[in-house]
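Novice: please work out how this folds:
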Amino acid sequence: MKYIFLLLAALSLNAAPEPVVILGGGIGGSTAALYLARAGLEPVVIEGAIPGGLLTQSHAIENWPGEQTIDGFSLTDKVRRQAEKAGARFVAEEVVSVDFSKRPFKVRTRTLDGSNKSREFTTQTCIIAMGTKPNFLGIPGESTYWGKGVSNCATCDGSFYKDRVVGVVGGGDAAIVEALYLSKLTKQVHVFVRKDQFRAVEKQRLATLLATPNVKVYYKTAVLEVQGDGAQVTGVLLSDQSKMALDGLFLGIGSTPNTALFKGALKLDSNGYIALKNDQETSIPGVYAVGDIVDPHYKQAISASGDGSKAALQAQRYLADHGQQEKRKASVAAKAPKEESCVVEITSLKQLEDELRNSDVPVIVDFYAHWCGPCKRLAPLFDSFAQELTGKVKFLKINVDTQTEIGKVYQIRSMPTAILFDSSGSIVERKVGSDQIGELLQQIRQDNNLLK
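Specialist: Residues are numbered from 1 along each chain as shown. Model (predicted):
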């Protein structure tokens, strides 16, 4: 953890308010960071639990200018790297509260490594780019089988259902994108539409879906319950009381803006989105908002990026008008030398079996994929814990994109997943998602019983 603490300390050395703090590291926030960094303002970007935002879950973007096709992770990563090179500082933390009642504004964050350590940033201006969160059905079995067959990201988890039968819930563009992607991998895709027609914006994409041979659409049909055998999804109960056997169920039912933090602090519209005036300015001068958190209609990467550029220019103008447009001097902080990773990369099922059989200490395995944003954020955390717990716990990692056989054997259905084995090779814990995995790592550090 040494390099993490050095980074936190380096960012806290200067007690003066930051010129700009950006909440969210998706395409809108990263574009704003790029513009501000090129102006010499070195913005701080609190990137949140999903680096790159929900766009990273899109497998194919075909309407980004200059790109015939590009996946969401690659697009957001390119913009982030460009912003970092210009001087933007990305912080792997999550916003827990804001105070816009007086200046400088205050933003409190927490770490995402399971320790929940917090700190406070002060800033002259703030750009909110926190996007939306996927909706859930709220039906029996949904939470029970989350990560065990229920998912809201076909790009993340679709590869685990090759040649299987899956369902998709939803009648908008999100559901269509999910179903089309899954149709290329699975044996059959059943799409459940609650109303009597789709409400899609992209009609060409809808036509493609309806013409896809292994896709069947059910109108006026709702999913009432997710059913399973305790370990994984086996089917669903539908609104006509019929049961349908499925290996997995994907939710494509839209999203809700992440504005809970801003209730009472900013003016919101009737649907909970941040209300704007004067382009990207919110109800408080010096606070701006961009992307899906202000956009109930279009929700496009290009419009979010455009919002980000406008907000950055407005923030620059605000700082200049208030006599605060000073180029920050790049802080010089000693960097800890990069330590060699103690995490072993597994390249075959036999190698994994040998590692488990020959280990006299517990083993934790990180199942990851190169396109998975949370996986990318967890990687340095695994490296850090592996260094700290050398000799007490063995750390392994497996790329499920290349090691599909191992993924099938251990029924990996969602990214990221971590499995903890005891010294005899028996499974002790299985955790899905960055929050759960971070908590497991902290538990391993603190609970000696897990190290036996």
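Novice: any low-confidence regions in this protein?
Specialist: Scanning the chain for pLDDT under 70 picks out 1-15, 114, 324-340, 448-452.
Novice: pull the longest strand from it.
Specialist: Using DSSP state E to define each element, the chain has its longest strand at strand 118-128.
Novice: quick check: next helix or strand after that one?
Specialist: Counting by DSSP states H and E, the next helix or strand C-terminal to strand 118-128 is strand 132-134.
Novice: nearest spatial neighbour of residue 84, skipping sequence neighbours?
Specialist: Counting by CB to CB, 6 or more residues apart in numbering, the nearest residue to residue 84 once its immediate chain neighbours are dropped is residue 90, at 6.4 Å. (Each C-beta comes from the backbone N, C-alpha and C, glycine too.)
Novice: would you say that neighbour is within a strand?
Specialist: Yes - assigned with DSSP: H, G, I helix; E, B strand; the rest coil, residue 90 falls within a strand.
Novice: what's around it, how many residues?
Specialist: A count of nearby residues for residue 90, using other CB atoms under 10 Å, gives 19.
Novice: residue ranges of the strands in the stretch 251-400 of the chain, please?
Specialist: Assigned strands in the stretch 251-400 of the chain, in chain order: 255-257, 287-289, 344-345, 363-368, 394-399 (criterion: DSSP state E, counting those that start in this stretch).
Novice: what pairs with the shortest one, and is each one parallel or antiparallel?
Specialist: So the one you mean is strand 344-345. If you go by DSSP bridges, strand 344-345 pairs up with strand 394-399 (parallel).
Novice: can you point out the buried residues in the strand it pairs with?
Specialist: Neighbour-count burial for strand 394-399, counted by 16 or more other CB atoms under 10 Å, picks out 394, 395, 396, 397, 398, 399.
Novice: hmm, the fourth one is touching residue 344, no?
Specialist: Yes - here residue 397 reaches residue 344: they are 7.3 Å apart, a contact under CB atoms under 8 Å.
Novice: ok, residue 188 - contacts?
Specialist: By CB atoms under 8 Å, 6 or more residues apart in numbering, the contact list for residue 188 reads 165, 166, 214, 215, 216.
Novice: between the residues you listed, which sits nearest residue 371?
Specialist: Using CB to CB, residue 166 comes nearest to residue 371 of the contacts of residue 188, at 19.4 Å.
Novice: just to revisit the earlier point, who are the packing partners of the longest strand of the chain?
Specialist: Counting contacts by 3 or more CB pairs under 8 Å, 6 or more residues apart in numbering; DSSP states H and E, strand 118-128 packs against strand 18-23, strand 44-46, strand 93-99, strand 105-111, strand 287-289, helix 301-321.
Novice: on that earlier part again, wait, which of the buried residues of strand 394-399 is closest to residue 371?
Specialist: Of all the buried residues of strand 394-399, residue 399 has the smallest distance to residue 371: 10.7 Å, by CB to CB.
Novice: any idea how far that closest one is from residue 412?
Specialist: Distance, residue 399 to residue 412, by CB to CB, to the nearest Å: 11 Å.
Novice: and if you look at residue 58?
Specialist: From residue 58 across to residue 412, the span is 21 Å (CB to CB).
Novice: of those two, which one has the most company?
Specialist: Shown here are residue 58 and residue 412; by other CB under 10 Å, residue 412 has more neighbours (25 against 19).
Novice: SS state for the more buried one?
Specialist: Counting by three-state DSSP, the backbone at residue 412 sits in coil.
Novice: that one contacts residue 367, doesn't it?
Specialist: Yes - under the criterion of CB under 8 Å, residue 412 makes contact with residue 367 at 5.0 Å.
Novice: overlap in contacts, these two.
Specialist: residue 400.
Novice: need the helices for the stretch 201-350 of the chain, in chain order.
Specialist: 203-210, 301-321, 349-358 (DSSP state H, counting those that start in this stretch).
Novice: reformat those helices as CSV; add distance to residue 262 and mean neighbour count.
Specialist: Below are the helices of the stretch 201-350 of the chain laid out as CSV (distance: least, CB to CB, whole Å; neighbours: other CB atoms under 10 Å):
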stretch, distance to residue 262, mean neighbour count
helix 203-210, 33, 13
helix 301-321, 15, 21
helix 349-358, 46, 14
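Novice: as a markdown table, those helices with distance to residue 140 would be great.
Specialist: Shown next, in a markdown table, are the helices of the stretch 201-350 of the chain (distance: least, CB to CB, whole Å):
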| stretch | distance to residue 140 |
| --- | --- |
| helix 203-210 | 28 |
| helix 301-321 | 35 |
| helix 349-358 | 35 |
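Novice: quick check: phi and psi at residue 55.
Specialist: Phi and psi for residue 55, reported as degrees, to the nearest 10, are phi -60, psi -30.
Novice: that older thread, of all the helices of the stretch 201-350 of the chain, which lies closest to residue 85?
Specialist: Residue 85 lies closest to helix 301-321 among those, at 16.2 Å (CB to CB).
Novice: gap between that closest one and the chain center?
Specialist: Offset of helix 301-321 from its chain centre (CA atoms, centre = their mean, to the nearest Å): 23 Å.
Novice: again with stretch 139-146
Specialist: 20 Å.
Novice: residues in contact with that stretch?
Specialist: So stretch 139-146 is in contact with 136, 150, 223-228, 232-233, 249, 414, 432, going by CB under 8 Å, 6+ apart.
Novice: quick check: buried residues in it?
Specialist: By 16+ other CB under 10 Å, the buried positions in stretch 139-146 come out as 141, 142, 145, 146.
Novice: tell me the domain boundaries of the protein?
Specialist: Using automatic domain parsing, the domains assigned to the chain come out as 2-133+255-321, 150-251, 344-451.
Novice: deepest of the ones you listed, which one?
Specialist: domain 2-133+255-321 (a mean of 20; mean count of other CB atoms under 10 Å).
Novice: so how far is it from its chain's centroid?
Specialist: Distance, stretch centre to chain centre, for domain 2-133+255-321: 14 Å (CA atoms, centre = their mean).
Novice: just want the most central residue of the chain.
Specialist: Residue closest to the mean C-alpha point of the chain, counted by CA atoms, centre = their mean, is residue 50 at 2.5 Å.
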